[in-house]
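Visitor: Need coordinates for the below:
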Amino acid sequence: MDCVIETFSLCKEYGPKKAVDEMNVHVKKGDIYGLIGKNGAGKTTLLKLLLGLVSPTSGKMRILGSDDLDKVRPKIGSLIEAPALYKNETAYENMKRFCILNGEPFSSIGELLRLVGLGDVGKKKVKAFSLGMKQRLGIAVALIGNPEILILDEPINGLDPAGIKDIRDTILDLNKKGVTFIISSHLLDELGKIATEYGIISNGVLVEEISAEDLQAKCRVSLTFKTDDGEKTAELLGKRFPELSVRYSGAETFIESEVKDPSVLNKFLVESGVKVYEMTASGGDFEQFFIDRLGK
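Guide: Residues are numbered from 1 along each chain as shown. Below is the predicted model of the structure:
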C-alpha cells in the first residue's frame, strides 16, 4: 500500500479529554480521503496534528514516506476553516502576499487562479467575492508551492449549491492532476460524490476506514425471496434476468445486484407459478451506514 500519510497510535489529549485516541490512519497516493464525524469528533484536531499546528501527546506520523515531518510539511497545502484573506485587496494581490510568505515566485499566480476557476477575476477585490469564490481563492493559496497533498476542513460549509459544485469540480480537477486530498465534512451526500476512501471518526476514535467501492457494495440493495422452491426461483430469475447475481439456499433466493423495481421480479415469479411467501430488501442506505458507525 503506497501511503502518503500514515499515523501510528496517534493521540492528542487536552486535560482528561482525548481529542484523538490511538488513531491509525492510512491515506494512499491519489486518494480523496473523506473524514466523517460529528462536530467535536476529532476531525479538525487530526488535521491540525498532520499540519504540525498542534503536537501529539503520543504516537507518530509518517508523511510522504518520511519521519522528518518538518522537511515534508512544505509539500502539504491546507485550508482549515475560513481562508484568511485580505478583503480590500485583489485576488492577485492576496496571492502575491502568500507567495512572499512561502518564499515562492509570482510566476505561478496566474496559473493557480486559472486552476481554481478564478483566472478572469484576479484583479477583482476579495470583498466583492461570493463565499464560494473566497473558498476557491483559499484553495489557490493552499496550492502555492505545488503541494502533493491538500488538507481541507469543511471546504463547502455554508456554500450555496452553485458554490458547492464549483468546489467539487475544483477538487476533482486537481485530483486528476495528481493531488491527494484529505477532506473533512459532515455533508455525506456531497462527500459521497468525490471521496475514494473514508475514515469514520467518533469521540476521537477512528471507527473504520473503507473504500468507496466497498461502501457501495455494502450499501447495495439486495433482495431475498422466500418461496415454495428456492432452486426453481433462482433458475427462473437467472434465465429471465441474466444481468442479476442470483443464488439460493433452501427456500430462500438472494438477489445481490441493483434492482430498480423489485415488484417486476415479484410479478414475474407469481406469473411463472412460484408461490412467493415473502420479499425483503436490505442495504442501500448510505447515510444509515455512517449513522450506525458514528453511534459506536
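
Visitor: only C-alpha atoms for contact and neighbour calcs from this point on.
Guide: OK.

Visitor: got the residue ranges for the strands in the stretch 51-200 of the chain?
Guide: In the stretch 51-200 of the chain, the strands defined using DSSP state E, counting those that start in this stretch lie at 58-63, 76-80, 149-153, 180-185, 197-202.

Visitor: what's the angle from the third one to strand 76-80?
Guide: Between the axes of strand 149-153 and strand 76-80, defined by axes from the mean of the first three to the mean of the last three Cα atoms, to 10 degrees, the angle is 10 degrees.

Visitor: quick one: contacts for residue 37?
Guide: Neighbouring residues of residue 37 by Cα atoms under 8 Å, 6 or more residues apart in numbering: 43, 185-186, 200-202, 294.

Visitor: Redo those as a markdown table? Include neighbour count, pLDDT and distance to residue 21.
Guide: Shown next, in a markdown table, are the contacts of residue 37 (neighbours: other Cα atoms under 10 Å; pLDDT from 0 to 100; distance: Cα to Cα, whole Å):
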| residue | neighbour count | pLDDT | distance to residue 21 |
| --- | --- | --- | --- |
| 43 | 28 | 92 | 11 |
| 185 | 21 | 86 | 20 |
| 186 | 16 | 78 | 20 |
| 200 | 21 | 91 | 13 |
| 201 | 25 | 93 | 10 |
| 202 | 23 | 91 | 10 |
| 294 | 20 | 76 | 15 |
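
Visitor: any idea which element the most centrally placed residue in the chain lies in?
Guide: In the chain, the centroid-proximal residue (Cα atoms, centre = their mean) is residue 34; its distance is 2.5 Å. Assessed by DSSP states H and E, residue 34 sits inside strand 32-36.

Visitor: How about residue 267?
Guide: helix 262-271.

Visitor: Output that helix in PDB, but only the C-alpha positions, please.
Guide: Taking C-alpha atoms only, helix 262-271 is exported to PDB below (Å, rounded to 0.1, in the frame of the first residue of the first chain):
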ATOM      1  CA  PRO A 262     -38.400  -5.200  -7.100                       C
ATOM      2  CA  SER A 263     -42.100  -5.500  -7.900                       C
ATOM      3  CA  VAL A 264     -41.200  -6.500 -11.500                       C
ATOM      4  CA  LEU A 265     -39.400  -9.600 -10.200                       C
ATOM      5  CA  ASN A 266     -42.200 -10.500  -7.800                       C
ATOM      6  CA  LYS A 267     -44.800 -10.200 -10.600                       C
ATOM      7  CA  PHE A 268     -42.700 -12.400 -12.900                       C
ATOM      8  CA  LEU A 269     -42.300 -15.100 -10.300                       C
ATOM      9  CA  VAL A 270     -46.100 -15.200  -9.500                       C
ATOM     10  CA  GLU A 271     -46.900 -15.300 -13.200                       C
END
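
Visitor: how about the CA coordinates for whichever helix or strand comes after it, as CSV?
Guide: Downstream of helix 262-271, the first helix or strand assigned by DSSP H and E is strand 276-282. Only the C-alpha atoms of strand 276-282 are listed here, as CSV (Å, rounded to 0.1, in the frame of the first residue of the first chain):
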residue,chain,number,x,y,z
VAL,A,276,-43.9,-16.1,-3.1
TYR,A,277,-44.3,-16.0,0.7
GLU,A,278,-42.1,-13.1,1.4
MET,A,279,-39.9,-10.5,-0.3
THR,A,280,-37.5,-8.4,1.8
ALA,A,281,-34.9,-5.7,0.9
SER,A,282,-31.8,-4.8,2.8
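
Visitor: Sounds good, over and out.
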